[in-house]
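[1] Could you look at this predicted model? Sequence included:
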Amino acid sequence: MRLLADVILLIGAAFTLLGALGLVRMPDVYNRIQAGTKAVTLGALSLLLGIGLLYPQWWSKLLVIALMILVTNPLGSSTIARALLMAGVQPWKKVESNSTGENNP
Amino acid sequence: MTTEPVTREETYLAHGIFLFLLVFLLWIMLAGSLEPGEIVTGLMVALVVTLASRPHLSVFSGLRLSPSAIGPFLAYLGVFFVELVRSNIDMARRVLSPSLPLRPAVVEVKTRLSSSLGRLILANSITLTPGTLTVDVRGEIILVHWVDCPPDSDIESATRAITSKFERHLKGFVR
């Protein structure tokens, strides 16, 4: 059980790290939100699952936290994206030729 | 909603009881114990919360409260978690690949769900599925930011695929 919990905690940490990496690597704000939301939601869920395996007496509270994350996390991301679209931020488009050199790393 | 056979008051009562049980369950789960004191306090808090939120109970009117709704709900949960894991693997692949394979676009998706609760659940599900992020909900149109929009393909059928796998199960327990 201890080993399984550690593996799940590690997976959760790894996905959270990937989310952070996505925030750095993605070209525009919409893609950053995508990387951030998805990775951090699953990362947090697996962290909670890992804690639940280590401390089984906490499962009900952890389940409530997980439900809260599942409902509020995508909602917050959508709200930020909506505000950005209303403010006129255009989604990034891949530039095929390298002539501008600005959008193509 | 107008074709609903039960009257408005009955719907309110059923959804009031639903909210009451939900709040009570939440209280017991947070308390983490089944002592009589906790149960009595929980029942009182749930009653106060339900009565206080009566004007907003219409949010739950999109919910189908019948035993036949349990099957689709569980099926939806299964699809949802599979999609959540798939979307993370997909995102990890994109973040880690040196060339950043992205073809982002904002597309419009039509939904057949009529209630605001159903649209909320669908919009949240879209955000957590591979490569899509809900940007706005305007009536039956959902604006979706798509990381990998296939070029020169049939947008209509491609976007249909985003919603259909959730809508199929969602229609079983929300309107």
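    All right, it came through fine.

[2] all helices for the chain, in order.
    No chain in the question, so chain A it is. Assigned by DSSP state H, the helices in chain A fall at A:2-25, A:29-54, A:59-86.

[3] try chain B instead
    For chain B, the helices defined by DSSP H occupy B:8-31, B:36-52, B:70-96, B:116-127, B:155-170.

[4] CA atoms only for the last one - export them in CSV, please.
    What follows is the C-alpha trace of helix B:155-170 in CSV, where atoms were taken according to Å, rounded to 0.1, in the frame of the first residue of the first chain:
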residue,chain,number,x,y,z
ILE,B,155,-15.3,21.3,-38.9
GLU,B,156,-19.0,20.5,-38.3
SER,B,157,-18.4,16.7,-37.8
ALA,B,158,-15.1,17.3,-36.0
THR,B,159,-16.7,19.5,-33.4
ARG,B,160,-19.7,17.2,-33.1
ALA,B,161,-17.2,14.5,-31.8
ILE,B,162,-16.1,16.8,-28.9
THR,B,163,-19.6,17.0,-27.4
SER,B,164,-21.3,13.8,-28.5
LYS,B,165,-19.5,11.4,-26.2
PHE,B,166,-20.5,13.5,-23.2
GLU,B,167,-24.0,14.5,-24.4
ARG,B,168,-25.0,10.9,-24.9
HIS,B,169,-24.6,10.1,-21.2
LEU,B,170,-25.5,13.6,-19.9
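
[5] Quick one: list the elements packing against that helix.
    Packing partners of helix B:155-170 (3 or more Cβ pairs under 8 Å, 6 or more residues apart in numbering or on different chains; DSSP states H and E): helix B:70-96, strand B:105-110, helix B:116-127, strand B:141-146. Bear in mind the C-beta positions are built from the backbone N, C-alpha and C, glycine included.

[6] Now the residue of chain B positioned farthest from its centre. Its backbone dihedrals?
    Distance from the C-alpha centroid of chain B peaks at B:P98, with 34.6 Å (Cα atoms, centre = their mean). Main-chain torsions, B:P98, degrees, to the nearest 10: phi -60, psi -30.

[7] pLDDT at it, what is it?
    pLDDT for B:P98: 81.

[8] what's the answer for the one 4 residues further on, then?
    We have a pLDDT of 79 for B:L102.

[9] Tell me how many other residues surround the nearest residue to it once chain neighbours are set aside.
    Spatial nearest neighbour of B:L102, excluding adjacent residues (Cβ to Cβ, 6 or more residues apart in numbering or on different chains): B:V147 at 5.8 Å. A count of nearby residues for B:V147, using other Cβ atoms under 10 Å in any protein chain shown, gives 23.

[10] My read is that B:V147 contacts A:Q34, right?
    Yes: B:V147 lies in contact with A:Q34 (Cβ atoms under 8 Å); the separation is 5.9 Å.

[11] where do the contact lists of the two overlap?
    Shared contacts of B:V147 and A:Q34 (Cβ atoms under 8 Å, 6 or more residues apart in numbering or on different chains): B:G131, B:T132, B:L133.
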